[in-house]
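Undergrad: Have a look; sequence and predicted model below, questions after that.
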Amino acid sequence: MEDNWSSFLSYWQNTGLHFLPIHDGEDTEIQKAAAENNLKVTTINMQRVIRKQTFLRKMAKGLEFPAHFGYNWDALFDCLTDLSLSGADGHVILIYNLQLLESKAPADFKIIRKVFETAADYWHSHQMRFFIIISEKSSLSNKVPNDR
């Protein structure tokens, strides 16, 4: 799969929100593929997160949002669309264990998904590589293409 990740992450057209199962050891492949493509990788574990504020705190810490981050949905979108300080050619954000938040706060999860999709659309319109990968199985799964 390593070659597939490198290829997948090399195309700005693949920018977006992706629900994908990440298997043991695949994190390393993603990290290596991202480095080959000069992409910054951020991994955020949302284990035991069931509230909006905890989710936003973990996002702010993981992505090193500025101190003035407002801990609301608009501020999350604003920071996701201003990741220019990293010096990378794009971003890969791996988020694990969101299923508990999805089950305990489905309305918040719908907003999170919309914010992620809108931020990805923003970067797609600028032809920049920006990937949010939520690692869990979903009926809305996208698959990494086998060839590209």
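TA: Okay, I see it. Numbering: from 1, shown residues only.
Undergrad: What strand or helix carries the residue nearest the centre of the chain?
TA: Taking C-alpha atoms, centre = their mean, the centroid of the chain lies closest to Ile132, which sits 2.1 Å from it. Taking DSSP states H and E as the criterion, the element that holds Ile132 is strand 129-135.
Undergrad: okay, Ser86: pLDDT?
TA: The score at Ser86 is 70. That number is its pLDDT.
Undergrad: can you pull the contacts of it?
TA: Shown in contact with Ser86 (C-beta atoms under 8 Å, 6 or more residues apart in numbering): Lys40. For glycine as for every other residue, the C-beta is placed from the backbone atoms N, C-alpha and C.
Undergrad: Can you tell me how far it is from Ala34?
TA: Using C-beta to C-beta, to the nearest Å, one gets 12 Å for the distance from Ser86 to Ala34.
Undergrad: quick one on the thing from earlier: bridge partners for the residue nearest to the centre of the chain, pull those for me.
TA: When assigned by DSSP bridges, Ile132 has beta-bridge partners Leu17, Ile93.
Undergrad: just to revisit the earlier point, neighbouring contacts of the strand holding Ile132?
TA: Outside strand 129-135, the residues that reach it (C-beta under 8 Å, 6+ apart) are 9-12, 14-22, 30, 37, 39, 83, 89-98, 116, 119-120, 123-124.
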